[in-house]
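Colleague: Starting from these lines, generate the structure:
(3 chains)
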Amino acid sequence: MSATRLVATGLTLLWLAGCDTERDDAAPGEPAGFAGLGEEAGDFAQAHEGITLRFPEDHAAHPDYRIEWWYLTANLEDDSGEPLGLQWTLFRQAITSPEERPAPTPWAADQLWMAHMAVSRGETHRVAERFARSHSADELDDRDGQAGARAQPFRAWIDHWQLASHIETSDETTGEATEADTFAELELTAHQDDEHGGFGYALTLTAEGPLVLHGLEGFSQKSADGQGSMSSGSMYYSQPFWRVEGEVALDGESRTVSGRGWLDREWSSQLLGAEQRGWDWFSLHLESGHKLMAFQLRGGGADGGDYRSGTWIAPDGEPTALAPDEIDMTPLETRRVAGRDVPTHWRLAIPRAGLDLSIEAPHAERWMDTSVPYWEGEVVARDADSGENRGVGYLEMTGY
Amino acid sequence: MLEFRQVHKSYATPQGPLQVLDGIDLRLDAGESLALMGESGSGKSTLLHLAAGLDLPDTGEVTVAGQAVSSLDEPARARLRRDTLGLVFQQFHLVPSLNVGDNLRLQARLARRDDVEWAAHLIERLGLAGMEKRYPEQLSGGQQQRLAIGRALAPRPALLLADEPTGNLDETSADEVLGLLLSLVSEVGSALLLVTHSHQVAAPLDRCLRLTHGRLDPVDEREASRR
Amino acid sequence: MFTTLITLLSHYKRHPGQLAMLLLGLWVASALWSGVQAINASARDSYARAEALFTTGLDRLERRDGQPLTRDDYLRLRRAGLPVSPLLEGTLEAPDGTRLTVIGIEPFTLPGDNAFATAGSTSELAAFLTPPWQTRVAPDTLPALGIADRQAPGDEPRLTDERRLPPLVLAPSLPPDTLVMDIAAASMLLDSGETLSRLVTASNALDEAPPGLVLTRATTLASPGQLTESFHLNLTAMALLALVVGLFIVQAALGLALEQRLTMLRTLRALGVSGRRLVGLLALELLLLGIIGALAGIVSGVWLARLLLPDVAATLGSLYGAGVTAELSLPWHYWVGGVAVTLGGLFLAGAGVLWRAARLSVLGLGQAQAWRAGFRRQLTYMTLAGALVASIGLALWAWLAGQPPGEGLLAGFGLMAALLLASALWLPPLLAALLAGLERLVRRRPLAQWALADLQLQLPRLSLAMMALLIALSANLGVSSMVGGFRLTFLDWLEQRLVADLYLRPPAEQFEEIETWLGERREVAERLPTRRTEATLYEVERNGSTRGLALPTNLYGITPGDALMPSWPLLDTLAGRDAAWQAFRDGEAFINEQLAIGEGLAPGDRLTLGAPQGREQVTVVAVYPDYGNTQGEVLFATAQLASRFGAPPGSIGIVLAPGADEAALGQALTRRFGLGSDSLVDQREVKRIATGIFERTFTITRALSALTLGVAALALLASLLAQARERRRQLAPLWALGVPRSQLVRIQLSQLGAAALVTGALAIPLGIVLALGLVAVINVAAFGWRLPLFLFPGEIALTLATAVAVALLATALPAITLWRTPPRALLAEEANT
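Modeller: Here you go, the predicted structure:
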């Protein structure tokens, strides 16, 4: 996952809901965790161990949960071999619990949406942000709001930014629904005008492997309080095997690109422990064909330490959940970014997988200066001893 | 010319009514001159104002040139002053907006008795020749009082009322002005009622009365003989 | 030092009249000035709030066919990537009958950071967006809702229809009578369903309107602050006039108080008070008086502003559509400014006094004799100063003549001020010369001679009051001539423009149907449909040379039929009326006077306008007057405007056949098409509303000029009262010499009456010139149109009568005092002084 996403969304929540601690219904005297993400789930549905994920239904929005996201990152190269990174994220946030939803009158909303897009190349880093509202009844009425996420055919969108399948779900001749997996091939289109000439992308994403469920069959625990399913956690799966091809525009210049992408899907109503204050999240495409997801939540671990978790993914998609003590994560070097000290050079060791990596962001200027600011950028993984190139990926850091 | 018969006059004061004149009988014939003496505040000026029709008695009768002042309305009393009387005040009371020549002839003109030659003669006699175009404030005190006397005599009034005409002047000027006044009065043939507290001023006049406690008495013989 | 100050001030104990006059002058000057400034400050506050609101500064999109936009239109445009935001706007009636504007916004898409910067903090967004939602409202709207400030937050006031508003949240930066809420809450309150009032987008975010929509740029929607600037300048000018007139009183009172204290000042100097300290103490005295006067003035000014503000607000609302709260809202700098202006004025007026006190000779020799020469010197200075001011005025006039028409509003006011001041400065020398001349003529008439001589003597004291009277009279005459002329012109113009008997504003979707229906009715003689749109004026071709522009311009379509053509007023045509109308029918254009003046256009010029199918070229064949409009406009035949510029249908004027039953037609229309009562207006109603608006526009101006005249009368009265005692001393010898009191009173009245008559006579040409300046310079710069100059003999006679009446009224009080003074008291005064 993405602690990172957590942070970002948490901050969004803070921004949207204001200071939750000021609200009457906030648990008295109890800190609500980072950015309110530690708030108790209340009337919302709860992520817990034992929930069976169902596809394609779970690709769509889960409005009964407080927060959710569709989080895509990609490590690309243009024709000349120059690396290029991109991020596209759609966040969903329920502003009322399912019981308190307003009647679906025109414009009434119970869901807020926020999307971030970023393109980075060399020192250049362009970021855009959008917001929208919707009512969860829109889906039942089969009408599209300004933003939303549908399962069949898969489509997640806000305004003209969208990640959508272009696989037909009905037979053109008979009109009957087909069983095609529309999630296997997606189109990502987004564009933003800015003073530099605009940036955006039109990309085709082709899945070259299966979906990967993290944690316990998709339930990802987020703290070590031992309370099992009632503690903070989320439903979390990924598609780390995207082959990405298409066009990326940056500062008015268009480039043909190709590379690998990683999509995270996560939803929850109580993501964090009350003590957790920020996190560092890695997603790596290794040269060996393996994928690695690892994160640490700073605070909230055993004895107040950091809580770590991850998934070691074989080239065929077989996941191995990593226990907290199986991950060794050490910041080696910080850089001054946007007025903060951000660790952009890490050592990440997974002894069980025989990995000892030095992970570094070639460009530190990847600050997301959005309404909820965080750091998100491409990284290169090298062998810690030999310095040999081992792969590429994305790093997200929040709470700095 | 001027007659007071049993004239009473009192004023309201914060301490109660103040009896100023208490049964005055007085008679002044044409061409006669009378000095009226008395302490400060004895009612000399009040008597003069009654004589001029500037004020009316409470009881009794003031007759000027055969007309009972009390029976006249204000405009008629004003006409009486204009046509019959000449007034000279201690404070001169020249009209500041008019020059010497116009000031001198003001009352004569008002009375329609402006006599150019007589006015020129008066200017000459008053020692104001060549100053006709000046304004009152450009004259000395003595000159201003002479001008005031000239203004009063220009219409040749039958009766001249003068209230301390030399009171504001130094001794030399006072003598000079008084001499001039008497000389001109006799030239015109006016009767003269002159209010003063100075024996020296009163002496040349035909008669002299003293106002005490609102009543008139002849001036003490010894006092008179001391002169 | 304290003793000295007390000694100085003891003068006012003996002469309370002078103190009263001094404070009166300060009070009225400061009251009028601060009253108007309070109005201006409140209005500016309202504008700032309105401008901070999202309705201004944003471009807007509406459907070309006039139908309302819907939520689907919005979503379609968003999904096409256009940065539009939906806006709902409607009115609700508060329990007290106030019309409240409800604005529903969508905070996520509303451009810029204005939404919550002005409407509240971001932390309350969730509450804003979700039930029960929030109503953001400025505190000054609360009285309309019947709520006290304290209980307001969270209250859910009822409306007339028993529905409740979402809980209130105070947002002082919002304009008055405006409720801002989430669009979901607004759509429920307004029952607007899926429809929208309009879409808005950041200024210039779109290059062109999406198909089927009309894009109105924020720049075409001039901000209320800009529009009303001239109106406020006008108010300020009037207030300044009142301030100056009030300061005349102050100066007169100070001069008198100094003159009468010369002896005291000399005595103090002789007793060892240094000259510098004396001047300092006099300045301290001024400061004390100034603070008292300023505070009293500001309090009354605020009261006056409260009295006038509803009218001002109504005027600004109807004339410019600018919402101004009827509640005063005064920033701190208003209070400080008010005191500062009063004190500044006081020290300006007192500078002469301080200067004289500083140069005071201890011995005072020759002082008494010097006043006559001093006054002559003063007259010379006044003549010279008048000449200087007049030449400044001439220079301004010359500069203005070289400016393009419609420019230089401030310079125009400067010119008017110079004219007034020069005339005022020349008045005393003129009066003095006149009196001296007349005096020579009446040698033989002693009383007349004395009266003239005496008036000359009074002139130094009276001149300031007379100057004030001259200024007030001519301003009054100028303003009333302008207003009267305007009313004549405007009513005439209204008569010419409103040729239809009924005006119908049908819903866009029924337009065609209704028009057809009307065409078949026998009682309808002629239909005059209108349309409105706007376009960019790209080029102007004049005498073969082309000038590039990018001016957003309003286009208006009228139907050139039998009813309209003969009466529609034209100021200037290319080749006569008939030819102009012929060309107009054939597709050429008329322009309004505002556009002609603003862009220096004349018949024969060619315009290039942006149109949906590319650019359209038209020839200007006539210029028409367009009073009440503040912007330029190009006029086309309605059919032309529809086909060439895609203008949506507007209203239809209905000319009835002779003897047709207007009421029956109205009922038939309403029944047949289910029209609301407000979509059909009869001509008389339109005229009534229009006339009402313009009457109100000048209510304030006239009220202020009348108040100024009142101040001038007070100045005269105060001057006369202040010297009443001295006057009696001057009159006493005459009375003693045999001039009856009644005659003295008559003389006094005629003296002042004559002086005022002369002043009034001078005020007439001055007022006419002023009126000319107002209609030909100020109005053109402020509103864009020129008025013919009308002179009203009645107004002129009224001015003269006012002058004499003011003088007689002011003389009456001292005269009555003289009349009633017992002779003994007169003599007693004589003896005492």
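Colleague: contacts and neighbour counts: CA atoms only from here.
Modeller: Fine.
Colleague: what does chain B have sitting close to chain C?
Modeller: Counting by C-alpha under 8 Å from any C-alpha of the partner chain, chain B comes close to chain C at B:54-55, B:74-75, B:77-83, B:86-87, B:91, B:93-98, B:106-107, B:109-110, B:137-138.
Colleague: What subset of those is buried?
Modeller: Those of the residues of chain B next to chain C that meet the buried threshold are B:54-55, B:74, B:77-83, B:86-87, B:91, B:93-98, B:106-107, B:109-110, B:137-138, by 16 or more other C-alpha atoms under 10 Å in any protein chain shown.
Colleague: mind listing which of these are in helices?
Modeller: B:74, B:77, B:78, B:79, B:80, B:81, B:82, B:83, B:106, B:107, B:109, B:110 (DSSP state H).
Colleague: Excluding sequence neighbours, find me the nearest residue to the most centrally placed residue in chain A.
Modeller: Centroid check for chain A by C-alpha atoms, centre = their mean gives residue A:71 as the closest residue, at 3.4 Å. Once flanking residues are discounted, residue A:71 sits nearest to residue A:89: 4.4 Å by C-alpha to C-alpha, 6 or more residues apart in numbering or on different chains.
Colleague: hang on, the earlier thing: now do the same for the residue nearest to the centre of chain A: its pLDDT.
Modeller: At residue A:71 the predicted local confidence, pLDDT, stands at 95.
Colleague: Does it touch residue A:114 like I think?
Modeller: No - using C-alpha atoms under 8 Å, residue A:71 is not in contact with residue A:114, being 11.7 Å away.
Colleague: intersection of neighbour lists for those two?
Modeller: By C-alpha atoms under 8 Å, 6 or more residues apart in numbering or on different chains, residue A:71 and residue A:114 have these common neighbours: residue A:90.
Colleague: rewinding a little: let me see the contact set for the residue nearest to the centre of chain A.
Modeller: Residue A:71 neighbours (C-alpha under 8 Å, 6+ apart): A:5, A:87, A:88, A:89, A:90, A:263, A:264, A:265.
Colleague: Identify the bridge partners of it.
Modeller: Counting by DSSP bridges, residue A:71 forms beta bridges with residue A:89, residue A:264.
Colleague: Pull up the gap between it and residue A:266, please.
Modeller: 9 Å (C-alpha to C-alpha, to the nearest Å).
Colleague: just residue A:353 next, same as before
Modeller: Taking C-alpha to C-alpha, one finds residue A:353 at 25 Å from residue A:266.
Colleague: And for residue B:46?
Modeller: Taking C-alpha to C-alpha, one finds residue B:46 at 117 Å from residue A:266.
Colleague: Which one of the two is surrounded by more residues?
Modeller: Set residue B:46 next to residue A:266 and count neighbours by other C-alpha atoms under 10 Å in any protein chain shown: residue A:266 wins out with 28 against 20.
Colleague: part of a strand, is that one?
Modeller: Yes - the assignment for residue A:266 is a strand, going by DSSP: H, G, I helix; E, B strand; the rest coil.
Colleague: Contacts only, for it.
Modeller: A:1, A:68, A:69, A:70, A:234, A:235, A:236, A:237.
Colleague: the strands in the stretch 501-650 of chain C, which residues?
Modeller: Counting by DSSP state E, counting those that start in this stretch, the stretch 501-650 of chain C has strands at residues C:502-504, C:524-542, C:545-558, C:572-573, C:589-592, C:606-611, C:614-624, C:633-637, C:649-656.
Colleague: Then the stretch 251-400 of chain A?
Modeller: A:253-270, A:278-286, A:291-300, A:306-313, A:319-322, A:328-337, A:340-350, A:355-360, A:367-368, A:374-383, A:389-397.
Colleague: try the stretch 51-200 of chain A
Modeller: Under DSSP E, counting those that start in this stretch, the stretch 51-200 of chain A gives strands at A:67-78, A:83-94, A:111-121, A:124-134, A:147-150, A:155-158, A:161-165, A:185-192, A:199-207.
Colleague: For stretch A:156-167, measure first residue to last.
Modeller: 14 Å.
Colleague: what's in contact with it?
Modeller: A:60, A:70, A:90, A:113, A:115, A:130-132, A:146-150, A:153-155, A:180, A:182-191, C:75, C:78-81.
Colleague: where along the stretch 201-350 of chain C do the strands fall?
Modeller: Counting by DSSP E, counting those that start in this stretch, the strands of the stretch 201-350 of chain C are C:213-216.
Colleague: Nearest to chain B: which residue in it?
Modeller: residue C:259 (16.3 Å; C-alpha to the nearest C-alpha).
Colleague: Tell me how far that residue lies from residue C:337.
Modeller: Residue C:259 is 31 Å from residue C:337, where distance means C-alpha to C-alpha.
Colleague: Next: residue B:129.
Modeller: Taking C-alpha to C-alpha as the criterion, residue B:129 is separated from residue C:337 by 62 Å.
Colleague: Repeat that for residue C:688.
Modeller: Taking C-alpha to C-alpha, one finds residue C:688 at 40 Å from residue C:337.
Colleague: Next, the residue nearest to residue C:104 when sequence neighbours are not counted: phi, psi?
Modeller: Distance criterion C-alpha to C-alpha, 6+ apart; nearest residue to residue C:104, sequence neighbours excluded, is residue C:183 at 3.9 Å. Note on residue C:183: its backbone torsions stand at phi -60, psi -30 [degrees, to the nearest 10].
Colleague: Now do the contacts for residue C:183.
Modeller: Residues near residue C:183 by C-alpha under 8 Å, 6+ apart: A:107, C:87, C:88, C:103, C:104, C:105, C:106.
Colleague: Could you provide the residues you listed in JSON lines, with additional columns for distance to residue A:99, neighbour count and secondary structure?
Modeller: Putting the contacts of residue C:183 into JSON lines (distance: C-alpha to C-alpha, whole Å; neighbours: other C-alpha atoms under 10 Å in any protein chain shown; DSSP: H, G, I helix; E, B strand; the rest coil) gives the following:
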{"residue": "A:107", "distance to residue A:99": "19", "neighbour count": "23", "secondary structure": "coil"}
{"residue": "C:87", "distance to residue A:99": "29", "neighbour count": "24", "secondary structure": "strand"}
{"residue": "C:88", "distance to residue A:99": "28", "neighbour count": "23", "secondary structure": "strand"}
{"residue": "C:103", "distance to residue A:99": "28", "neighbour count": "25", "secondary structure": "strand"}
{"residue": "C:104", "distance to residue A:99": "25", "neighbour count": "25", "secondary structure": "strand"}
{"residue": "C:105", "distance to residue A:99": "25", "neighbour count": "23", "secondary structure": "strand"}
{"residue": "C:106", "distance to residue A:99": "24", "neighbour count": "20", "secondary structure": "coil"}
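Colleague: Check those residues against chain B and report the nearest one.
Modeller: Nearest to chain B, judged by C-alpha to the nearest C-alpha, of those is residue C:103 at 74.2 Å.
Colleague: For that closest one, list each beta-bridge partner.
Modeller: Beta bridges link residue C:103 to residue C:89, residue C:180, judged by DSSP bridges.
Colleague: what pLDDT does it get?
Modeller: pLDDT at residue C:103 comes out at 89.
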